[in-house]
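# Any chance you can model this:
(chains A and B)
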Amino acid sequence: MAYLTEKIDLYNDRGQVIESGIPLEAVTPVQNPAVREIADTFKRSIAVNLAGAQKALSTGHYANEYIHLPDIPNKADLPIKSGPYGKPKAVRTRTWDVPLVENADTLAAKLKEKLQVDADDGTEVKIMKKGAMFYVKPSQKLCTTGIEYTTALTATAQAMTDLVMEEFDDILDFHAAPLVHTAFYGRYPSTYEFMGGNVISLLAASCANEGPGFALRNLMVNHIVAITRRRTMEAMALSSTLEAISHLEMGDAIGRWRRWQSLVYAYQGLNANNIVYDLVKECGSGTTGDVVGATIGRALEDKVIRVQKTLPSGFKFYTALDPSLWNAYTCAGTAAAVIVNQGAARAAQGVASTVLYFNDMIDHETGLPSAGYADGVGNGISMSFFSHSIYGGGSPGVFHGNHIVTRHSKGFLIPCVAAAVALDAGTAVYGPEATSGLVGDIFSEIDLLREPMESVAKSAAEIKNKF
Amino acid sequence: MAKYERQYYNKGDPIARNRQRIVDPNTKLEKLRTIPDEGFLSILGHRNFGEAYKSVHPPLSELGEPEDPMRDLVPPTEGAKAGDIVDTLVMTDSVYDAPLAVYLRAWMLHNRVRGLDTGCYSGRNTVEMRARDLEDAGRMLLETEVCDARRNHLRQMTCTGHSCRLDQDGLMFDAVRRTKMEGTDVIYVKNGFGNPIDKPVSIGKGLSDEELKKRTVIYRYDNIPNLVLEEVVNPRPDEEVKETIQWIRRIMRQRLYGNLNPELIKEDAYENLEQLELKPRY
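Numbers count the residues shown, from 1 in each chain, chains lettered A, B, ... in the order given. Coordinates of the predicted model:
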């Protein structure tokens, strides 16, 4: 075991130094307490949409899906709401007017009681939006007993089902239980995910992950942008933090890749040595191409690369004195290029294009491999396809690291997408407002998540003398 | 330290020099023609002459942007300020000595234009930008030396079949027949989407075949034989050409070895990498 002792300075998004002389080891997810706390917060944070559950019970419209009905002879006589293409989509089932929102205070107190394992074990139940929502954070003891991250969600959903059945036994009878279950859990267990449930976790069900270690990557970019209130570099920092933790979890940040991965996180996500800020400041009114030049200039200045040989025509080949650091510089450059190009358009959709061509140009400019040793090029081109054309139409905001085209990036692509979506002025159909309003309302209240750059830097400073 | 000066592209042969000129934003592109506003808009096919720009959100001044230092550092383009919709422009190029090629377009635009989204797919280059920015970029793409009237066309759809075929008069094949020759001039009779336009737009006459060969950015066996079939046609290419090819291979090799071990490409490892290559017996 050897600590990463090289020193970095951490800057905020105004280009002011937060903490200086931090050893790289202090920002790695394994060591940094703030990063661990961010992971813990994501793991334990649950939102209960009480108003949603009440509406489901009172209208019979459960889990964002109507109950599908087969083609039956007398369907015209049934109270069926027809769906698109004239197919019957819904049947009105039994409904109950259960005053959940009115009794939010009582329910919150009883829910807390149900979730607590010890007195004062840190269980939180906050009433939000005048009783329409609960923010629930079960205790660490409860959530870490199992080895998976699902306890928080399942415990809360089950507690709510139980509680509602118990509390409103004058309204709800025995036969209502499955529907109350559906009102909170969603279509699970008919679907493997908690589809349309009113108990919401930021993390998807574990079976929805592409592979081992993808839990924190399975978080829509729109959510991250909403949590950080559209602040570009904070969104990047949060996204990069989640990616850094995931890469540790995926086994990508071990051995010879440990320093490589930590440098990407520090330089791209945490604005180490102010590189991203400086590049954006220098090229703010310029183009992607200007950022290419500025990134290489900075790398030469900091002696990360040097000229290897000059061709007869005067064209120079470069070589890396420190390849891992060069990779971190190109990742920072990629982020700066996205901020410059997508910031100019105030539209997120070009992020894949910028990532691709920035990296391709930097390859051909220097003769050295670009971000992720050319993963950036591959990710850019495949994400262009999947976010545009005939292959499907998700706007960048609905992408996450748990996607077939983004999963190969070693922690640097999704932060760029988050930056682009944060800068979008409203061109996307599925923007953060459309998909993540609720998440934003709840989680942007938490300073740790809203301003991760500051949190991580401060907590790194606290432990810096250990390394 | 002095500001780093970009190299853009190697200058080893005439075609590389042509490419270098185009991608370098310090080179002013020669203007060959001026298409009147009405004609330009009608072939673009997004809005009529005199019609206001469509918008997707209110102007930024009315919208009020959230507090963010990055937004202060990066000024929005005119189209973004006004909240224009994002429009598309698709250009396609012939492989017969066109003065601009599909992939090079993306490089050129990323070096010359702000706030764009571009991609290359199947012989076409798509540019998506805020409407009024797109029109500015479109003028550059259609009016300057990077557009030859016969070999580079604006086609919003149905690009297919363009590249390998030329009509008898040297015009690039088009399944929708958007363009036709009138004497020596090239006329757009339909807009990019293939809908007939009221007043056909002339974009002037194309360059001669000899001039095109001089200006082209495409490596072909009939213009620079020693590059394409390096060892077959010209067994002993000059030093620069040899090195340029090695350079491209070096990038690919470094990508590969870098992904095996991040430190493998360190400093003088370039020489060592040769030793890592598969031995002939494999």
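# Could you tell me which residues of the stretch 51-200 of chain B lie near chain A?
Within the stretch 51-200 of chain B, the positions near chain A by Cβ under 8 Å from any Cβ of the partner chain are B:56-57, B:60, B:63, B:65-71, B:73-77, B:79-80, B:83, B:85-86, B:106-107, B:110-119, B:121, B:126, B:128-130, B:133. The way it works is simple: take the backbone N, C-alpha and C, and place the C-beta from them, glycine included.
# which ones among the residues you listed are found in strands?
B:86, B:117-119, B:121, B:126, B:128-130 (DSSP state E).
# Longest helix in chain A, by number of residues?
In chain A, taking DSSP state H as the definition, the longest helix is helix A:323-345.
# wait, does it contact chain B?
Yes: against chain B, helix A:323-345 shows contacts by Cβ under 8 Å from any Cβ at A:323-324, A:327, A:339-345.
# I'd like those written out as JSON lines, with neighbour count and pLDDT added.
Shown next, in JSON lines, are the residues of helix A:323-345 next to chain B (neighbours: other Cβ atoms under 10 Å in any protein chain shown; pLDDT from 0 to 100):
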{"residue": "A:Pro323", "neighbour count": "26", "pLDDT": "92"}
{"residue": "A:Ser324", "neighbour count": "22", "pLDDT": "93"}
{"residue": "A:Asn327", "neighbour count": "30", "pLDDT": "94"}
{"residue": "A:Ile339", "neighbour count": "30", "pLDDT": "96"}
{"residue": "A:Val340", "neighbour count": "30", "pLDDT": "96"}
{"residue": "A:Asn341", "neighbour count": "33", "pLDDT": "95"}
{"residue": "A:Gln342", "neighbour count": "32", "pLDDT": "95"}
{"residue": "A:Gly343", "neighbour count": "29", "pLDDT": "95"}
{"residue": "A:Ala344", "neighbour count": "28", "pLDDT": "95"}
{"residue": "A:Ala345", "neighbour count": "30", "pLDDT": "94"}
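# Where does the prediction get shaky in chain B?
B:1, B:161-163, B:224-244, B:246, B:268-282 (pLDDT under 70).
# export stretch A:108-117 as PDB, just CAs?
Taking Å, rounded to 0.1, in the frame of the first residue of the first chain, the C-alpha atoms of stretch A:108-117 are listed here in PDB:
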ATOM      1  CA  ALA A 108     -44.900  10.900   9.700                       C
ATOM      2  CA  ALA A 109     -44.600  10.300  13.500                       C
ATOM      3  CA  LYS A 110     -45.800   6.700  13.100                       C
ATOM      4  CA  LEU A 111     -43.600   6.000  10.100                       C
ATOM      5  CA  LYS A 112     -40.600   7.200  12.100                       C
ATOM      6  CA  GLU A 113     -41.600   4.900  14.900                       C
ATOM      7  CA  LYS A 114     -41.900   1.900  12.600                       C
ATOM      8  CA  LEU A 115     -38.500   2.600  11.000                       C
ATOM      9  CA  GLN A 116     -36.500   3.200  14.100                       C
ATOM     10  CA  VAL A 117     -34.500   0.400  15.400                       C
END
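# Now that stretch: buried residues?
For stretch A:108-117, a neighbour-count test (16 or more other Cβ atoms under 10 Å in any protein chain shown) marks A:108, A:110-112, A:114-116 as buried.
# Return the member of those residues nearest to B:Gln7.
A:Leu115 (62.2 Å; Cβ to Cβ).
# Check whether that closest one really touches A:Leu142, as I assumed.
Yes: between A:Leu115 and A:Leu142 there is a contact under Cβ atoms under 8 Å: 6.7 Å.
# what touches both of those two?
A:123, A:155 (Cβ atoms under 8 Å, 6 or more residues apart in numbering or on different chains).
# Helices of the stretch 101-250 of chain B, start to end?
B:102-112, B:131-143, B:209-215, B:225-228, B:230-233, B:239-260 (DSSP state H, counting those that start in this stretch).
# Show me how far the second one is from its chain's centre.
To tie it back to what came earlier, the one meant is helix B:131-143. 13 Å (Cα atoms, centre = their mean, to the nearest Å).
# what residues does that helix touch?
Residues from elsewhere that reach helix B:131-143 (Cβ under 8 Å, 6+ apart): A:345, B:29, B:31-35, B:40-41, B:44, B:46-47, B:53-54, B:77-80, B:82, B:84-89, B:91, B:105, B:109, B:112-116, B:127-129, B:146-147, B:154, B:203.
# mind redoing it with 7 Å?
B:29, B:31-35, B:40, B:44, B:46, B:53-54, B:77-79, B:82, B:84-85, B:87, B:89, B:91, B:109, B:113, B:115-116, B:127, B:129, B:147, B:154 (Cβ atoms under 7 Å, 6 or more residues apart in numbering or on different chains).
# repeat for the first one
If you take Cβ under 7 Å, 6+ apart as the criterion, helix B:102-112 is touched by A:287-289, A:357, A:361, B:19, B:22-23, B:25, B:91, B:93, B:116, B:118, B:120, B:123-125, B:127, B:137, B:217.
# quick one: buried residues of it?
Neighbour-count burial for helix B:102-112, counted by 16+ other Cβ under 10 Å, picks out B:102, B:104-112.
# could you flag which of the residues of the stretch 51-200 of chain B next to chain A are buried?
Of those, these count as buried by 16+ other Cβ under 10 Å: B:56-57, B:60, B:68-71, B:73-74, B:76-77, B:79-80, B:83, B:85-86, B:106-107, B:110-119, B:121, B:126, B:128-130, B:133.
# So which bits of stretch A:97-107 are buried?
So stretch A:97-107, judged by 16+ other Cβ under 10 Å, has buried residues A:98, A:100-101, A:103-104, A:107.
# Now do the phi/psi pair for A:Asp375.
phi -60, psi -30 (degrees, to the nearest 10).
# I figured it was touching A:Arg407, is that so?
No: between A:Asp375 and A:Arg407 there is no contact under Cβ atoms under 7 Å: 10.4 Å.
# When these two are compared, which one has more neighbours?
More crowded of A:Asp375 and A:Arg407, by other Cβ atoms under 10 Å in any protein chain shown: A:Asp375, with 22 against 18.
# any idea how far chain A is from the most centrally placed residue in chain B?
Central residue of chain B (Cα atoms, centre = their mean): B:Arg105, 1.1 Å from the mean position. For B:Arg105, the distance to chain A equals 10 Å [Cβ to the nearest Cβ, to the nearest Å].
# Skipping adjacent residues, who's closest to A:Asp290 in space?
Among residues not flanking A:Asp290 along the chain, A:Cys283 sits closest, at 4.1 Å (Cβ to Cβ, 6 or more residues apart in numbering or on different chains).
# quick one: contacts for the one you found?
By Cβ under 7 Å, 6+ apart, the contact set of A:Cys283 is A:290-291, A:294, A:340.
# So which of those residues are in helices?
Residues of these located in helices (DSSP H): A:290-291, A:294, A:340.
# Which of the residues you listed lies at the shortest distance from chain B?
Distance ranking of the ones in helices among the contacts of A:Cys283 against chain B, using Cβ to the nearest Cβ, places A:Val340 first at 5.8 Å.
# show me the contacts for the closest one.
Residues near A:Val340 by Cβ under 7 Å, 6+ apart: A:280, A:283-284, A:286, A:288, A:291, B:74.
# Run a quick neighbour tally on A:Phe174.
By other Cβ under 10 Å, the residues close to A:Phe174 number 7.
# From what I see, A:Thr150 and A:Ser206 are in contact.
Yes: using Cβ under 7 Å, A:Thr150 is in contact with A:Ser206, at 6.2 Å.
# Quick check: which element contains the spatially closest residue to A:Ala34 that is not a sequence neighbour?
Excluding its sequence neighbours, the residue lying closest to A:Ala34 (Cβ to Cβ, 6+ apart) is A:Ser459, at 3.7 Å. Using DSSP states H and E, A:Ser459 sits in helix A:452-463.
# Poorly predicted segments of the stretch 251-400 of chain A, please.
Ranges of the stretch 251-400 of chain A meeting pLDDT under 70: A:389-393.
# picking up where we left off before, now flag whichever of the buried residues of stretch A:108-117 is closest to chain B.
The nearest member of the buried residues of stretch A:108-117 to chain B, counting by Cβ to the nearest Cβ, is A:Ala108 at 31.4 Å.
# Would you mind pulling the contact partners of stretch A:130-144?
So stretch A:130-144 is in contact with A:43-51, A:101, A:104, A:108, A:111, A:115-118, A:121-128, A:151-152, A:155-156, A:442, going by Cβ under 7 Å, 6+ apart.
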